[in-house]
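structure of the sequence below:
(one chain, ligands or ions: 1)
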Amino acid sequence: MGKTISEKILSAHSLPSGRRRTCQLPIGIGVDAYAGDLVVAGIDVAMVQDGTGPLTIQEFQKLGKSKVFNPSRTVLFLDHAAPSPRKELSNAHSILRNFASQTGSKLCDVGSGVCHQILAENYVNPGEILIGADSHTCTAGALGAFATGMGSTDVAVGIALGKTWFKVPQTFRVNFEGKLAKGVYPKDLILRFIGKIGADGATYKALEFTGETVEKMSMAERFTLTNMSVEAGAKTGLIATDAKTEKFLRQQGRGRKFRIIKPDKDAIYEKNFEVDASDVAPLIAAPHSADNVKTVEEVAGKKLDQVFIGTCTNGRFEDLQITAKILKGRKKHPNTRLIISPASRAVYLQALKKGIIEILVSAGATIFPPGCAACGGVHGGILGDGEVCLSTQNRNFKGRMGNPDAEIYLSSPATAAISAIKGKIADPREVLK
Ligand code: SF4
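The predicted structure follows:
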């Protein structure tokens, strides 16, 4: 019986009960695992961030362990509150720094960037399993990896033992065909899908994104799709590897880690979705859920106090490039704050070298250090009562940006950029004709 990508990766990593994983298993070795099976599987990479890390470390210590399963692939990120705005968060940072120095784990300190971007740039390879104490760990699925978020306790056990248990998810195949129209981006595409299926429409499923539209996307664009899989409730989102994956890995100095990861032709999917990408318009998720999707036209004119461009969803170089293209020679609206945060130091440097940061700053943007910035409502960019923000992030729950009495709309960077100029929600096709 054929396997989906998730079934292949979990099969290859599955371990007979009780066996401790000591080396990397190549694809094809392991116990056959199909949707619905419970497997104990070796993991390749484990991560925590500054919000979830202290509890993970506490749970790890309760296990009586002092060594992590693989120090070079246990990664701690200081990104959610970076730099720290309060002493309590500074103390949380110290816990992670101390743990890194005691165990030899990798530390990505303040200013390195958002965990999911750095994991993609430096740590995760096709066919691997990544577990993370953060819900958007699924982002790395664009590299043909099984990447999923877990609770702090589960990640603590994974870090201690190098293995964890999974219920193999059923897979939904989401097939995008057709060319995206001018002014329409993968963010619009994934919002279209989430709007149709609902915020819990894919609970504990794996989403496999396929089709001509995905094949033509850059890696940056593919990461936007997999990043938002969890907004439909999915366990993970995956994309088969191809020449673009290989090129990306080569650019990151990991070309030798490339391998073909794809589903079998006779893989069994629980559901198949067909989406005509050429039919998608610029979209917005309105408050207070990512599945409350409307066309930009429906909400155009909504006044904005703040626009935020960045995050693990849309803070990559290509996103800043689109933003700069729209902002070049223009100014943000005087009544609208514009905050921009590159997703990683590498993205920031590339944007600096290409003159993009100069364009953004000249347009009136405030550049935040690489990290989560305003996304989680922990620091930098917290909204006032009754304020309205348009953000390129992935979530707009009540209180997400630090104030339950504020409203958050979600969009692509292009829609965010033109809206920052107008001071109200606007259609990017106005300037991208
Ligand atoms: Fe979470 Fe936002 Fe940070 Fe991404 S950028 S990891 S969604 S807080």
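
the ligand contacts on the stretch 1-150 of the chain?
Proximity of the stretch 1-150 of the chain to the ligand, by C-beta under 6 Å from any ligand atom, involves residues His80, Val114, Cys115, His116, Asp134, His136. Backbone N, C-alpha and C define where each C-beta goes, glycine included.

list only buried entries from these.
For these, a burial check counting by 16 or more other C-beta atoms under 10 Å picks out His80, Val114, Cys115, His116, Asp134, His136.

which pLDDT does the model give the last one?
It refers to His136. What the model reports as pLDDT for His136 is 98.

does it touch Asn394 like I think?
Yes. Between His136 and Asn394 a contact is recorded at 6.6 Å, counting by C-beta atoms under 8 Å.

anything in contact with each of these two?
Asn227, Val230, Cys312, Thr313 (C-beta atoms under 8 Å, 6 or more residues apart in numbering).

near the ligand, which residues of the stretch 201-350 of the chain?
Selection of the stretch 201-350 of the chain residues close to the ligand by C-beta under 6 Å from any ligand atom yields Thr311, Cys312.

got the residue ranges for the strands in the stretch 201-350 of the chain?
Using DSSP state E, counting those that start in this stretch, the strands of the stretch 201-350 of the chain run over residues 206-210, 236-238, 271-276, 283-285, 293-295, 306-309, 337-340.

returning to that earlier point: which ones among the residues of the stretch 1-150 of the chain next to the ligand are found in helices?
Secondary structure from DSSP state H places Cys115, His116 of these in helices.

between the residues of the stretch 1-150 of the chain next to the ligand, which is nearest Tyr348?
Val114 (11.5 Å; C-beta to C-beta).

so what's that closest one closest to, chain neighbours aside?
Distances taken as C-beta to C-beta, 6 or more residues apart in numbering place Cys312 nearest to Val114, at 4.5 Å, with adjacent residues excluded.

rewinding a little: out of the shared contacts of His136 and Asn394, who's nearest Glu298?
Using C-beta to C-beta, the shared contacts of His136 and Asn394 come closest to Glu298 at Thr313, 21.5 Å.

before we move on, the earlier item: redo the buried ones among the residues of the stretch 1-150 of the chain next to the ligand as a markdown table? Include distance to Glu212.
Below are these laid out as a markdown table (distance: C-beta to C-beta, whole Å):
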| residue | distance to Glu212 |
| --- | --- |
| His80 | 36 |
| Val114 | 29 |
| Cys115 | 31 |
| His116 | 26 |
| Asp134 | 31 |
| His136 | 26 |
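
I'd like to know which of these is nearest to Ala160.
For those, the closest approach to Ala160 (C-beta to C-beta) belongs to Asp134, at 18.5 Å.

I'd assumed Ile118 was in contact with the closest one.
No. Taking contacts as C-beta under 8 Å, Asp134 lies outside contact range of Ile118: 12.0 Å.

pretty sure Arg97 sits in a helix.
Yes. Counting by DSSP: H, G, I helix; E, B strand; the rest coil, Arg97 is part of a helix.

residues contacting it?
By C-beta under 8 Å, 6+ apart, the contact set of Arg97 is Leu78, Leu107, Asp109.

just put those residues in TSV and tack on pLDDT and neighbour count.
Output for the contacts of Arg97, formatted as TSV (pLDDT from 0 to 100; neighbours: other C-beta atoms under 10 Å):
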residue	pLDDT	neighbour count
Leu78	98	25
Leu107	98	18
Asp109	98	15
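
in strands, which of those appear?
Counting by DSSP state E, the part of these found in strands is Leu107.

of all the contacts of Arg97, which comes closest to the ligand?
For the contacts of Arg97, the residue nearest the ligand by C-beta to the nearest ligand atom is Leu78; the value is 11.5 Å.

from Glu318, how far out is the residue nearest to Ile356 when sequence neighbours are not counted?
Of all residues beyond its chain neighbours, the one nearest Ile356 is Ala324 (4.4 Å), with distances taken as C-beta to C-beta, 6+ apart. According to C-beta to C-beta, to the nearest Å, Ala324 stands 11 Å off from Glu318.

more neighbours, those two?
For Ala324 versus Glu318, the count of surrounding residues by other C-beta atoms under 10 Å is larger for Ala324: 23 against 18.

could you check the pLDDT of the more buried one?
98.

my read: it touches Ile359, true?
Yes. The pair Ala324 and Ile359 qualifies as a contact (C-beta under 8 Å) at a distance of 4.3 Å.

alpha carbons of stretch 229-248, as CSV, please.
In CSV, the C-alpha atoms belonging to stretch 229-248 read as follows (Å, rounded to 0.1, in the frame of the first residue of the first chain):
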residue,chain,number,x,y,z
SER,A,229,-1.3,24.7,8.2
VAL,A,230,-1.8,24.8,11.9
GLU,A,231,-4.4,27.6,11.5
ALA,A,232,-6.6,25.0,9.9
GLY,A,233,-5.8,22.8,13.0
ALA,A,234,-3.4,20.6,11.1
LYS,A,235,-0.7,18.5,12.8
THR,A,236,1.7,19.5,10.0
GLY,A,237,2.0,20.7,6.4
LEU,A,238,4.3,19.2,3.9
ILE,A,239,5.6,19.8,0.4
ALA,A,240,7.5,17.2,-1.7
THR,A,241,11.1,18.2,-2.4
ASP,A,242,12.4,19.2,-5.8
ALA,A,243,15.1,21.3,-7.6
LYS,A,244,14.0,24.4,-5.6
THR,A,245,14.5,22.6,-2.3
GLU,A,246,17.9,21.4,-3.4
LYS,A,247,18.9,24.9,-4.5
PHE,A,248,17.7,26.4,-1.2
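
most tightly packed of the strands of the stretch 201-350 of the chain?
A comparison of those by mean neighbour count, using mean count of other C-beta atoms under 10 Å, puts strand 236-238 on top with a mean of 31.

check which helices and strands it sits against.
Strand 236-238 makes packing contacts with helix 5-13, strand 146-149, strand 206-210, helix 219-227 when contacts are defined by 3 or more C-beta pairs under 8 Å, 6 or more residues apart in numbering; DSSP states H and E.

a helix runs through Val40, doesn't it?
No. Secondary structure of Val40 (three-state DSSP): strand, not part of a helix.

give me the number of residues near it?
For Val40, the count of nearby residues is 18 (other C-beta under 10 Å).
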